[in-house]
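Chemist: Got a sequence here, can you model it:
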Amino acid sequence: MKVLLAVAVLVLVLVHVCGPTEAEEEPTLQEHFTNLQQHVKDLGESFLEKAKAAIQKIQESTIATNARNWLNEQMEKLMPKDS
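Modeler: Reported below is the predicted structural model:
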C-alpha cells in the first residue's frame, strides 16, 4: 500500500513538472521584424569580425610580407637618387 501511494505521488509530481505548460503568446509581426533586425545585425557583426581577422592573418603572412619587401626594393631601384 505504501509503495502504491509513493508511486502515485511520484507520477503526480512528474505530471506537474513535465506536463503541459501555459501557452505563450505568439509574437506580433513587429516583434518578428525586431528579432529579424537583431539577428541580421548579429550576423553582420560576426561576418565583419571574421573578415577583419582573415585580412589581418593574410597581411601578416610570410608570403605577403615577402611580396611587400620585394615591391619596396623594386621601387627603391626605380626611384632616381638625389646625390
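Chemist: Contacts made by the strand or helix carrying Asn69 with the rest, please.
Modeler: Asn69 belongs to helix 62-78 when assigned by DSSP states H and E. Here helix 62-78 makes contact (CB atoms under 8 Å, 6 or more residues apart in numbering) with Ile58. Bear in mind the C-beta positions are built from the backbone N, C-alpha and C, glycine included.
Chemist: From the chain's centroid, how far away is that helix?
Modeler: Relative to its chain's centre, helix 62-78 lies at 37 Å (CA atoms, centre = their mean, to the nearest Å).
Chemist: Let me know the average pLDDT across that helix.
Modeler: For helix 62-78, the mean per-residue pLDDT is 92.
Chemist: Stretch 37-53 too?
Modeler: In this model, stretch 37-53 has an average pLDDT of 95.
Chemist: ok, now stretch 13-20?
Modeler: 67.
Chemist: Next, count neighbours for Lys50.
Modeler: Using other CB atoms under 10 Å, Lys50 has 10 other residues around it.
Chemist: Can you tell me the element it falls in?
Modeler: helix 29-59.
Chemist: what angle sits between that helix and helix 62-78?
Modeler: Interaxial angle, helix 29-59 versus helix 62-78 (axes from the mean of the first three to the mean of the last three CA atoms, to 10 degrees): 60 degrees.
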